[in-house]
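Colleague: Here is a sequence with its predicted model. Questions after.
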Amino acid sequence: MTLTAATRDATHLREITPQQWKSGVAAWLGWLFDGLELHLYTLVAAPFVMQLLATTDATNPAIKEKSAYIQAAFLVGWALGGAFFGRLGDLLGRSRALSLTVLTYALCTGLCALSQTWWQLMLFRFVAALGIGGEWAVGASLLSETWPKNWRPWLAAILQSGVNIGVLSGAVFVGLLVAKMAPGSERYVFLIGVLPALLVFWIRRQVPEPEAWAKAEQSVGHKNPSARELFRGDVLSTTLRTTLVCALGLSAWWLYLFWQTQHLRKLLGDAHTPAAETTTLVSAAFFAFNFASILGNFGAGWLAQRFGNRRAIVLLFVGLGASIFGAFVVPRDFATLAWFWLPIGGFFGGVFGLFTMYLPPLFPTLLRTTGAGFCYNIGRIAAAIAQIVFGVFAPVGEFRGAMLWVSAIAAAAALASCWLPERTHENEAT
């Protein structure tokens with residue numbers, strides 16, 4: 001059974017078929033649980049790692065060291081998962097690969113609760129991250145091949161908002177749960193991560209493969225093109241241009257997310273704000289930032305609908321760079337940054353929602369999840385390298401200067417976006 005996009009010109013929700021609704025719900029729930037899984041470790045990292053290291057000294061340098069290794073393994077797994085499961089999405093089909101990504105991150109997140117050593121936790125987090133990274137490319141391709149083309153900017157906004165809602169839900173629900181837990185039982189938070197596994201049974205029963213993928217498979221006699229085809233012919237240009245933009249854009253974004261939080265904590269520390277109040281204020285700023293990001297996802301969809309994907313991406317990267325520059329070009333107090341400038345930056349972060357629906361159709365059908373997963377996740381690796389470089393060379397405690405460099409990287413992403421491709425392989429079989 002396959003899923004067709006016969007209602008490609010649908011203008012009303014009532015014209016969307018039940019099967020298309022199912023593919024949309026499956027992808028959105030996958031992204032929602034992605035956001036939840038992403039936030040679990042950050043909530044319980046310190047006490048759980050202390051328990052695994054059998055220490056009660058919170059100042060023990062081994063805690064910071066092992067926690068960093070675990071988080072680094074997660075980021076690497078996230079990047080590799082996009083490429084690995086992206087390839088499976090082209091070989092096995094979108095629905096099957098989506099099921100595998102959800103099952104991988106659900107079960108391995110649950111296994112984190114059984115960890116007896118810090119390296120076991122690192123291993124489980126790495127494998128879970130493979131699934132989280134893979135879900136992006138597979139879910140995006142599933143929707144790009146099944147929903148009407150003119151709906152894609154809004155689908156991108158809804159999908160990206162699923163991640164934001166998952167993160168916020170995790171912060172609220174799991175945060176309240178942790179507060180009621182006895183010391184030493186934080187590990188059981190990871191059992192919540194098993195819940196998405198139930199989604200797999202529904203996906204396999206209710207979400208068929210897209211017709212475009214099935215026809216492309218038949219046209220080549222089930223002999224799919226090699227991943228090396230990303231670096232040949234006219235596909236090579238697409239691969240290089242989109243990888244460059246993703247690398248610059250994601251580097252700017254992840255540096256922005258990390259350094260702005262450190263700067264907020266420094267401002268509160270300089271003002272001698274109590275530790276408990278500092279955590280509360282920074283968490284509130286985090287919520288405001290994510291809420292603005294949700295609005296930005298839909299703002300990005302509106303721009304893409306009006307001006308096209310490429311122009312919208314350029315405008316949003318310009319806005320992101322300008323907002324970061326405006327926030328840090330002069331010293332500002334906590335309130336001005338947290339409640340005005342940083343939400344503006346969060347709004348322009350909606351640019352990354354556009355990549356969800358924009359990247360897959362740039363590649364031939366049987367290279368679609370491979371290409372989208374590779375380009376976007378190479379960007380994540382670049383972002384990880386940028387984090388290390390900034391951490392080594394940025395002056396200690398001087399976050400404003402570092403953020404001005406981040407604004408320059410966002411500006412470079414805007415410039416590179418001017419050469420993003422517009423031609424797609426949407427109507428080609430391979």
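Modeller: All right, it came through fine.

Colleague: Using PDB, write out every CA atom in stretch 60-68.
Modeller: Extracted in PDB, the C-alpha atoms of stretch 60-68 (Å, rounded to 0.1, in the frame of the first residue of the first chain):
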ATOM      1  CA  ASN A  60      34.500  17.100  41.600                       C
ATOM      2  CA  PRO A  61      36.000  18.000  38.200                       C
ATOM      3  CA  ALA A  62      35.200  14.400  37.000                       C
ATOM      4  CA  ILE A  63      31.500  15.300  37.000                       C
ATOM      5  CA  LYS A  64      32.000  18.200  34.500                       C
ATOM      6  CA  GLU A  65      34.400  16.100  32.400                       C
ATOM      7  CA  LYS A  66      32.200  13.000  32.100                       C
ATOM      8  CA  SER A  67      29.100  15.100  31.500                       C
ATOM      9  CA  ALA A  68      30.900  16.900  28.700                       C
END
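
Colleague: Return the distance of stretch 345-352 from the chain's centre.
Modeller: What separates the centre of stretch 345-352 from the centre of its chain is 13 Å, taken as C-alpha atoms, centre = their mean, to the nearest Å.

Colleague: same check, this time on stretch 134-145
Modeller: Mean-position distance between stretch 134-145 and its chain equals 13 Å (C-alpha atoms, centre = their mean).

Colleague: Could you give the number of residues near Gly379?
Modeller: 27 (other C-beta atoms under 10 Å). To be clear about C-beta, it is placed using only N, CA and C from the backbone, and glycine gets the same treatment.

Colleague: contacting residues for it?
Modeller: The neighbourhood of Gly379, defined by C-beta atoms under 8 Å, 6 or more residues apart in numbering, consists of 243, 245-251.

Colleague: Which two among those residues are spaced furthest apart?
Modeller: Largest separation among those by C-beta to C-beta: Thr243 and Ser251, giving 12.1 Å.

Colleague: Which one of those two is surrounded by more residues?
Modeller: Counted by other C-beta under 10 Å, Thr243 and Ser251 do not tie: Ser251 has more neighbours, with 26 against 19.

Colleague: where are the low-confidence patches of the stretch 201-350 of the chain?
Modeller: 222, 275-276 (pLDDT under 70).

Colleague: mind listing the strands in this structure by residue range?
Modeller: 2-3, 209-210 (DSSP state E).

Colleague: avg pLDDT for the first one?
Modeller: In this model, strand 2-3 carries a mean pLDDT of 54.

Colleague: Where do the helices of the stretch 251-400 of the chain begin and end?
Modeller: 275-307, 309-328, 334-336, 342-348, 351-358, 368-393, 399-417 (DSSP state H, counting those that start in this stretch).

Colleague: okay, these in TSV with distance to Asn60 next?
Modeller: Shown next, in TSV, are the helices of the stretch 251-400 of the chain (distance: least, C-beta to C-beta, whole Å):
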stretch	distance to Asn60
helix 275-307	19
helix 309-328	33
helix 334-336	30
helix 342-348	32
helix 351-358	37
helix 368-393	21
helix 399-417	26
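
Colleague: Could you measure from Leu198 over to Thr117?
Modeller: 29 Å (C-beta to C-beta, to the nearest Å).

Colleague: for Ala412, same thing?
Modeller: 42 Å.

Colleague: who has more neighbours, these two?
Modeller: Neighbour totals were compared for Ala412 and Thr117, and Ala412 leads with 19 against 11 (other C-beta under 10 Å).

Colleague: Leaving out chain neighbours, which residue sits closest to the more buried one?
Modeller: Nearest non-adjacent residue to Ala412, counting by C-beta to C-beta, 6 or more residues apart in numbering: Leu248, 5.1 Å away.

Colleague: Kindly report the same for Trp341.
Modeller: Excluding its sequence neighbours, the residue lying closest to Trp341 (C-beta to C-beta, 6+ apart) is Ala327, at 3.6 Å.

Colleague: From what I see, that neighbour and Leu404 are in contact.
Modeller: No: applying C-beta atoms under 8 Å as the test, Ala327 and Leu404 come out as separate, 9.8 Å apart.

Colleague: Please identify which of the two sits among more neighbours.
Modeller: Counted by other C-beta under 10 Å, Ala327 and Leu404 do not tie: Ala327 has more neighbours, with 23 against 14.

Colleague: What is the burial count for Gln218?
Modeller: A total of 10 residues lie near Gln218 under the criterion other C-beta under 10 Å.

Colleague: Next one: it relative to Leu268, how far apart?
Modeller: From Gln218 to Leu268 the distance is 61 Å (C-beta to C-beta).

Colleague: count of residues packed around Leu123?
Modeller: By other C-beta under 10 Å, the residues close to Leu123 number 18.

Colleague: Do you know the pLDDT at it?
Modeller: If you check Leu123, the pLDDT there is 94.

Colleague: Gln260 versus that one, what's the distance?
Modeller: Distance from Leu123 to Gln260, by C-beta to C-beta: 31 Å.

Colleague: cool, and Tyr188?
Modeller: 32 Å.

Colleague: for Glu65, same thing?
Modeller: Here Glu65 is placed at a distance of 24 Å from Gln260 (C-beta to C-beta).

Colleague: need the contact list for the residue nearest to Trp341.
Modeller: Applying C-beta under 8 Å, 6+ apart, the residues near Ala327 are 260, 337, 341-342, 344-345, 403.

Colleague: For the residues you listed, which two are the farthest from each other?
Modeller: Ile344 and Met403 (13.7 Å).

Colleague: Neighbour count: the two, which is higher?
Modeller: More crowded of Ile344 and Met403, by other C-beta under 10 Å: Met403, with 24 against 19.

Colleague: Contact partners for the nearest residue to that one once chain neighbours are set aside?
Modeller: Distances taken as C-beta to C-beta, 6+ apart put Phe328 closest to Met403, at 4.0 Å, once the chain neighbours are dropped. Going by C-beta under 8 Å, 6+ apart, Phe328 touches 263, 399-400, 403-404, 407.

Colleague: Can you redo the residues you listed as CSV, where the extra columns are distance to Pro210?
Modeller: As requested, those are exported to CSV (distance: C-beta to C-beta, whole Å):
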residue, distance to Pro210
His263, 45
Phe399, 45
Arg400, 48
Met403, 42
Leu404, 45
Ser407, 40
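
Colleague: ok so, going back, so between Glu65 and Gln260, which is more surrounded?
Modeller: Gln260 (25 against 13).

Colleague: From what I see, the more buried one and Leu342 are in contact.
Modeller: Yes: Gln260 lies in contact with Leu342 (C-beta under 8 Å); the separation is 5.9 Å.

Colleague: Need phi/psi at Thr17.
Modeller: phi -80, psi 160 (degrees, to the nearest 10).
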